[in-house]
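Undergrad: With the sequence up front, the predicted model follows.
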Amino acid sequence: MIPTEKIIKGYELQREDALSLYHEPLHTLMESAVAIRRALLGNTFDLCTIMRGRNGHCSEDCAFCVQSSVSEGRVDLLNTIDDEKVIENAKCADAAGIRHFALVFAGRKLSKRDVENVAHLYRRLKRETNLRLCLSGGLLHRDELALLQEAGLERLHNNLETSRRYFPSICTTHTYDEKIQTIQDAQSLGIEVCSGGIFNVGETREDRVDLALTLRGLGIRSVPLNILSPMEGTPLAERQPIAEDEFLRTVAIFRHILPNAYLRLAGGRQLLSGEGEATLHAGMNAAITGNFLNTKGAAESCDLQMIRRHHFTITV
């Protein structure tokens, strides 16, 4: 039996309990996930949009990414940020009611010059919009995070991607511990952290549960759930798409392990029917809206309509 009420009252699922959820009927598991979400988070929905700061020619070897050093795919290179374009996009997001805005940079980490440029831009965004500012900037150091926080950074994005056990199978140019160090440095400054994973990269169900347990141990409350979009030229180009029911089950299990988190529909959602709308029936209550770095996402207007259909209210 699924311990829905116990979870609502604060019980934390242990590993074997979580793995046993894979044997529950999917509709029962999804109903339980929604009950947990409603009880602990109501009908709040966290919506964010991202914009690339730098794309391509990445030094890291992440097997799932077309930008990585091991990819034979062609990716346009953008070396500099167009400040006015960023301001324009951010103001459009603000006007549409989207509350979070993030720049995303390819590469191991931002250079010192990049950090200074982003800080300058974020100070301006803070003055000219009502957005909460986020950033995906790689393995930043504590002093760099402090400078960015002073400039207006409120949330840092740094995906763990998968379990500690499986991580070396998809990336060898940086370590799990380096990611965790960046996460903990941000948290020590009071910066919120957004961290999740990518599924269908060869991991097991046990790896998925272990990722969720690690995120819980780190106190992460914004959790992007990505699906592999096999890209030509990458080591994972030939992988078959994940079954939609399997992803729905994964979302629901994450809700049971992370009852207070905002589970975020993220990359690969275009592979799901209705851009992933069914995941809202499995406990999802957040999304990245608009396009992603290498694939198209859902239009902001479509996501806003979806949120209204399901009687959610965007968080502020």
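TA: All right, it came through fine.
Undergrad: Chain neighbours aside, what residue packs nearest to I227?
TA: Spatial nearest neighbour of I227, chain neighbours left out: G268 (2.9 Å); criterion: C-beta to C-beta, 6 or more residues apart in numbering. Quick note: C-beta positions are derived from backbone N, CA and C, even for glycine.
Undergrad: err, P235, not the other one
TA: Nearest one to P235, counting by C-beta to C-beta, 6+ apart, is A63 at 4.3 Å.
Undergrad: same question, G42
TA: T313 (7.9 Å).
Undergrad: same deal with L280?
TA: Nearest to L280 is H310, by C-beta to C-beta, 6+ apart, at 5.3 Å.
Undergrad: Now do the contacts for the spatially most central residue of the chain.
TA: The centroid of the chain falls nearest to P224 when counting by C-alpha atoms, centre = their mean (2.5 Å). Going by C-beta atoms under 8 Å, 6 or more residues apart in numbering, P224 touches 157, 159, 194-197, 264, 266-267, 288.
Undergrad: quick one: the helices in this structure?
TA: 4-8, 15-20, 26-41, 83-96, 112-128, 142-151, 167-170, 176-188, 205-217, 244-257, 300-309 (DSSP state H).
Undergrad: thought R264 was touching I220?
TA: No - using C-beta atoms under 8 Å, R264 makes no contact with I220, being 10.9 Å away.
Undergrad: List the residues that are in contact with both of these two.
TA: 194, 196.
Undergrad: Show me the beta-bridge partners of the residue nearest to G42.
TA: T44 (DSSP bridges).
Undergrad: Test my guess that it contacts D46.
TA: No - T313 is not in contact with D46 according to C-beta under 8 Å; the separation is 10.5 Å.
Undergrad: Tell me which of the two has more neighbours.
TA: More neighbours surround D46 than the other of T313 and D46, with 24 against 11 (other C-beta atoms under 10 Å).
Undergrad: What number of residues are in the vicinity of the closest residue to that one other than its chain neighbours?
TA: Leaving aside its sequence neighbours, D46 sits nearest to A286 (C-beta to C-beta, 6+ apart; 3.8 Å). Number of residues near A286 (other C-beta under 10 Å) recorded here: 27.
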